[in-house]
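Q: sharing a model prediction with you, sequence too.
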Amino acid sequence: MSDIMRMIPFGNLMDWMLVEHGKEGSIFGIRKNKFYKNATGKQIVVCGESISSPIGPAAGPNSQLAQNIIAAYLAGSRFIELKTVQIMDGEELRKAVAKPCINARDEGYNVEWSTELTVQEAFDEYVKAWFAIQVMAKELGISAQRDFAYNMSVGYDLKGIQSPKIDGFIEGLKNASGSGIWKTCSQWLRDNLSKFSNVNASDVDAIESRLCSSITLSTLHGCPPEEIERISRYLFEEKGLHVFVKCNPTLLGYETARDLLDRMGYTYIDFTDHHFKHDLQYSDGVAMFKRLQEFAKERGLEFGLKLTNTFPVNIKNEELPGEQMYMSGRSLFPLTITLASKLSREFGGKLQISYSGGADFFNIDSILNVGIQPISMATTILKPGGYERMKQIAEKAEPYLNGAFRGVDVKALDALAASVFEKRFHKKSARPVGSRKTESRLPLFDCAKAPCQDGGCPINQQVPTYLRLVNEKKYAEAFDVIAMDNSSPAVTGTICDHQCQHVCTRLDYEQPLEIREMKKIAVLNAQDEYIARMQPAKIVSKKKAVVVGAGPAGVGTAFFLRRNGIETTVLERRAEPYGIVKYVIPEFRIGEDMIARDVALAKKAGVQFVFGVDGKIDIEALKKEYDYVVLATGAWKPGESPVKEGRELVRDALSFLEEYKKKKGHVEIGGTVAIIGGGDVAMDCARAAKRAPGVKRSIVVYRRTVAYMPAEPEEKELALHDGVELMELLAPVKYDGKTLLCEKMQLGEKDASGRRGVTGTGEMVPVAADTVIGATGAKVDSEIFGANGIALDAKGRVVVNEENETSVSNVYVAGDCKAGPATVVKGIADAKTVTKSILTKEGLSPDFAVTELVQDLASLYEKKGVLKEAVKDQNDGARCLACDVVCELCCDVCPNRANVLVVVDGKHQIVHLDGMCNECGNCGIFCPHTGDPYKDKVTLFWTEEDFKESTNKGFFRVEGDRYSVRVEDGSVVSWRRGEPGVSLEMAKTLGAVLERYPYYMMNL
């Protein structure tokens, strides 16, 4: 592993593209059906150059190497902002850039700077891409003439820009014909015309040597306006270039920026007024821009602004190494579009804007519609789908291609800026969860997985399979798949906390799949029929099991055991099954009809229920009649009182909800109710209280902020929709029957849970309340276990092994009684665990079968890079990417194309190309495993130096068929194909590379 990027020689670059396209139908992983070709013939004109799409990569990671620029072009980019160069470059600059340097998980962050190449290397890469794009566009029928433009980017002061190094770069891009790389590229093409079908010598001759007619000036924070103006005038006067001056969002002013981000939900983004005070001030900027606009006009050149640069913010949560990072993406959009509106108003719409600030599929048409062009982007193409997102964006942009800049529609832009608060996809709330990573370790081979199923769902529900079946309206088949692993499909289809959706890959596109809703659709369309045709399984063992407690965990255990041929009885002290779900969770969350469906499912399976039994449990007595005992008694005991004084006046959440449900909401609790807590139960209490007669105010009091409330995001939203008030940073102290006295808290550092701790301020806040309900957690009645000789730990919890078996042989626990209140689906997971253990003891194989569907790979790849909003019907399943079949997210998101697909014996494997990687870390952000593909996948090395400096498992070709191989245990062996010494998987991977993907293998 090395952060040094190795330049691919032009001949290798061209052969790679030609061979990959011929064999695989792709170029640098961009599939040919994702190649963009302008369908209308319409164009825009930027600085005198006609281009067939108004979009492209912003100066940054996606425009640093030749292959990056080529990939961007193929997918739809036509305005290519080349990565910035400055006098500091190469190794000197690499040492100044912390790694990893990119985190695009939600809003984007980076600690990058200008190009990590030397200026000469950057120049060479830009020339190579210039040639490659034009000949491949002709060869592939994308465009017969050049339909794209380069825009160079330089910084950061006049002295550096006038240095021989940067001056040579600028002059070279103005006319590259005298450069060595120009001659190399031109000569290779002439010598290899036979490799092309649609390119001839005249096409090569027609390639213009002037790569750039425009330049974007990038300056450092705090650069004086006089310096910016001097550089701009120099670029106009001495270089004859059209100039865009890149501006910072700090032009808005601290208060405006802070207010915009807070109103959009980005309250946690931390910054001070430092840069706002020291950067270019608005009034100075406007005056300067007017002078430069006139100066350019006098010389027949164009002047405009690049809006905007990234936004400097403080690193508070270890997003990246260091103390400060630069924000981009959807959180930058409200800042940039507001600044664009303000400046356009100032200039009467006559100021040309090159836009870059949170542009993506959801707003590209709105931005173009007001007359802003061109538009570049970075964050969106650093997310899953990667460069291929460009095609959808380019197609959406095509109707807005209307020639040269004609001015900005100021009123329309003002309206667009004002509407940002209504645009869901730019609000923080559009992504209510953080990382999608699961706990699995990233394996060297066979890493594709669907995180919804593997890591997101405690019962490993076969989510992609049933989503597809529901989408195809094969509801009966879908329900068969669901019921295989789920004993409460109707209940979980209604109130599951759906952690699967929090790790869904589509979360990184736009919205997670409506997985729970799809399950509910299958339930409503097929569960009744499924139950009607059910027959109890044949009893296959003389052994019998008893389950104490008929909550979801107890019913689940009995259902699975009976389905597998074990006679099972459920003992329940109440009159009906399903515990908390039946007696506590309000009907506005789940109706009786859905609970009844799952009760019927268990009964039809042959489960025997005995209700109204004595609550006292005698395990010895039970073991005389049953061979296995499963305790699933729940957690009904009131938790610790949330107040120090007046505890007896605070109502317990479960008892309140049970009374509310029993009396159908007719409870007398006064006009103002305060609920202490921040979980789902607190939200249930608050919503129930709001519905009670006479209640005018229902208030949730929580000691941290709303953002840290453990309640599911949708439960908080529903509570707010119902009119519930959320009061944050208040810790209850005492209650006298009329007033809940709280101490005001302040956030501190993060605790072990990842949440920020709180400390008291000493300030007291009274909250008037006729009723106070404590919803800070219930407890397990551990006396049941102690009385039966079951071992408990220091915290009073049952000691169990991995199979949920207690210290008493053949006695198990499942559900909330194991470790305290949990979710329904976790209770079902316990049921599966216990069932598997008992069946194994009986020499029986569990029937939890996996349903395999034949997947059309082409249709799965077609979905990549395509954003589509969720819908609440069976059609949402069409958005499923089937990540267990095709994942390859690390390939999507790598700007350098350093993670590649290798098919080995029909399986998709990932290989990392060390020479193309600069350790930006972006692939690790999106990998669903705990790991980093650029560190943890089989790696091909192009230099011996890089191989020796790395710890990655992988290969370096020493000479001929001899390789140095770092094998799985980290040792290095010298190896020839066909010899022992490396694992079969490693040998097959190298064999596949050599036979099918030879262009991956280089010695540089």
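A: Sure, I can see it.
Q: buried set for the host helix or strand of residue 594?
A: Using DSSP states H and E, residue 594 sits within helix 592-604. Using 16 or more other Cβ atoms under 10 Å as the test for burial, helix 592-604 gives 594, 595, 597, 598, 599, 600, 601, 602, 603, 604. To be clear about C-beta, it is placed using only N, CA and C from the backbone, and glycine gets the same treatment.
Q: same check on stretch 915-926?
A: Here stretch 915-926 shows 915, 916, 917, 918, 919, 920, 921, 922, 923, 924, 925, 926 as buried, counting by 16+ other Cβ under 10 Å.
Q: take those and keep only those in helices.
A: With helices defined by DSSP state H, the entries of the buried residues of stretch 915-926 inside them are 922, 923, 924, 925, 926.
Q: my read is that residue 100 contacts residue 918, right?
A: No. Residue 100 is beyond contact range of residue 918, at 9.7 Å (criterion: Cβ atoms under 8 Å).
Q: so who does residue 397 touch?
A: 53, 54, 55, 364, 365, 368, 375 (Cβ atoms under 8 Å, 6 or more residues apart in numbering).
Q: could you rerun that using 10 Å?
A: Going by Cβ atoms under 10 Å, 6 or more residues apart in numbering, residue 397 touches 44, 53-55, 76, 78, 359, 361, 364-365, 367-368, 373-375, 390.
Q: check residue 888 too.
A: 29, 384, 386, 447-448, 860-861, 864, 881, 899-901, 908, 910, 933.
Q: so how far is residue 910 from it?
A: Distance, residue 888 to residue 910, by Cβ to Cβ, to the nearest Å: 7 Å.
Q: give me the common contacts of these two.
A: Common neighbours of residue 888 and residue 910 (Cβ under 10 Å, 6+ apart) are 447, 448, 899, 900, 901, 933.
Q: measure the nearest residue to the third one once chain neighbours are set aside to residue 456 for me?
A: Which is residue 899. Leaving aside its chain neighbours, residue 899 sits nearest to residue 890 (4.2 Å; criterion: Cβ to Cβ, 6 or more residues apart in numbering). Counting by Cβ to Cβ, the separation of residue 890 from residue 456 is 19 Å.
Q: higher neighbour count, the two?
A: Using other Cβ atoms under 10 Å as the criterion, residue 890 and residue 456 rank with residue 890 on top: 28 against 23.
Q: state the pLDDT value of that one.
A: For residue 890, the pLDDT comes out at 99.
Q: mind checking how far it is from residue 57?
A: 19 Å.
Q: then residue 553?
A: Look at residue 553 and residue 57: by Cβ to Cβ, they are 52 Å apart.
Q: I figured residue 704 hits residue 745, correct?
A: Yes. At 7.5 Å, residue 704 counts as touching residue 745 under the criterion of Cβ atoms under 10 Å.
Q: okay, and the common contacts of those two?
A: Residues touching both residue 704 and residue 745 (Cβ under 10 Å, 6+ apart): 728, 729, 730, 731, 757, 758.
Q: now the chain, which segments are flagged as low pLDDT?
A: 1, 751-755 (pLDDT under 70).
Q: the longest helix along the chain packs against which elements?
A: In the chain, taking DSSP H as the definition, the longest helix is helix 119-139. Helix 119-139 is packed against helix 10-24, helix 66-75, strand 79-81, helix 90-94, strand 149-154, helix 164-174, helix 180-191, helix 201-205, with contacts defined by 3 or more Cβ pairs under 10 Å, 6 or more residues apart in numbering; DSSP states H and E.
Q: can you give the distance of it from its chain's centre?
A: 32 Å (Cα atoms, centre = their mean, to the nearest Å).
Q: what's the angle between it and helix 180-191?
A: Here the directions of helix 119-139 and helix 180-191 differ by 30 degrees (axes from the mean of the first three to the mean of the last three Cα atoms, to 10 degrees).
Q: next, the angle from helix 119-139 to helix 164-174.
A: Using the same axes, to 10 degrees: helix 119-139 against helix 164-174 is 10 degrees.
Q: just to revisit the earlier point, just the shared contacts of residue 704 and residue 745 now: which is nearest residue 638?
A: Among the shared contacts of residue 704 and residue 745, residue 731 lies closest to residue 638 (Cβ to Cβ), at 19.3 Å.
Q: could you check how far the closest residue in space to the closest one that isn't next to it in sequence is from residue 763?
A: With sequence-adjacent residues excluded and distances taken as Cβ to Cβ, 6+ apart, residue 731 is closest to residue 703, at 4.2 Å. Residue 703 sits at a distance of 14 Å from residue 763 (criterion: Cβ to Cβ).
Q: name the residues contacting each of these two.
A: 742, 743, 744, 745.
Q: is it fair to say the second one lies in a strand?
A: Yes. When DSSP: H, G, I helix; E, B strand; the rest coil is applied, residue 743 is found to be in a strand.
Q: show me what contacts the residue most central in space within the chain?
A: Nearest to the mean C-alpha position of the chain, by Cα atoms, centre = their mean, lies residue 508 at 3.5 Å. By Cβ under 10 Å, 6+ apart, the residues touching residue 508 are 104-106, 383-385, 431, 436, 889, 892-893, 925-926.
Q: adding secondary structure as columns, could you present those in a markdown table?
A: Listed next are the contacts of residue 508 as a markdown table, based on three-state DSSP:
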| residue | secondary structure |
| --- | --- |
| 104 | coil |
| 105 | coil |
| 106 | coil |
| 383 | coil |
| 384 | coil |
| 385 | coil |
| 431 | coil |
| 436 | coil |
| 889 | helix |
| 892 | helix |
| 893 | helix |
| 925 | helix |
| 926 | helix |
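Q: from the residues you listed, keep the buried residues only.
A: For the contacts of residue 508, buried by 16+ other Cβ under 10 Å: 104-106, 383-385, 431, 436, 889, 892-893, 925-926.
Q: show me which pair in those residues is furthest apart.
A: 431 and 892 (18.0 Å).
Q: what about residue 907, how many neighbours?
A: Using other Cβ under 10 Å: residue 907 sits among 13 other residues.
Q: and the gap between it and residue 994?
A: Residue 907 is 17 Å from residue 994, by Cβ to Cβ.
Q: quickly list what's touching both of residue 100 and residue 918.
A: Shared contacts of residue 100 and residue 918, counting by Cβ under 10 Å, 6+ apart, come down to 3, 934.
Q: the residue nearest to residue 613 when sequence neighbours are not counted: neighbour count?
A: Closest residue to residue 613 in three dimensions, ignoring its sequence neighbours and counting by Cβ to Cβ, 6+ apart: residue 571, at 4.6 Å. Counted with other Cβ under 10 Å, residues neighbouring residue 571 total 24.
Q: ok, the closest residue to residue 2 other than its chain neighbours - contacts?
A: Excluding the flanking residues, the one nearest residue 2 by Cβ to Cβ, 6+ apart is residue 946, at 4.4 Å. If you count contacts by Cβ under 10 Å, 6+ apart, residue 946 has them with 1, 2, 3, 4, 6, 914, 915, 917, 939, 952, 956, 1004.
Q: out of the residues you listed, which end up buried?
A: Buried among the contacts of residue 946 by 16+ other Cβ under 10 Å: 1, 2, 3, 4, 6, 914, 915, 917, 939, 952, 956.
Q: show me the two of those that sit farthest apart.
A: Among the buried ones among the contacts of residue 946, 3 and 956 lie farthest apart (Cβ to Cβ), at 17.3 Å.
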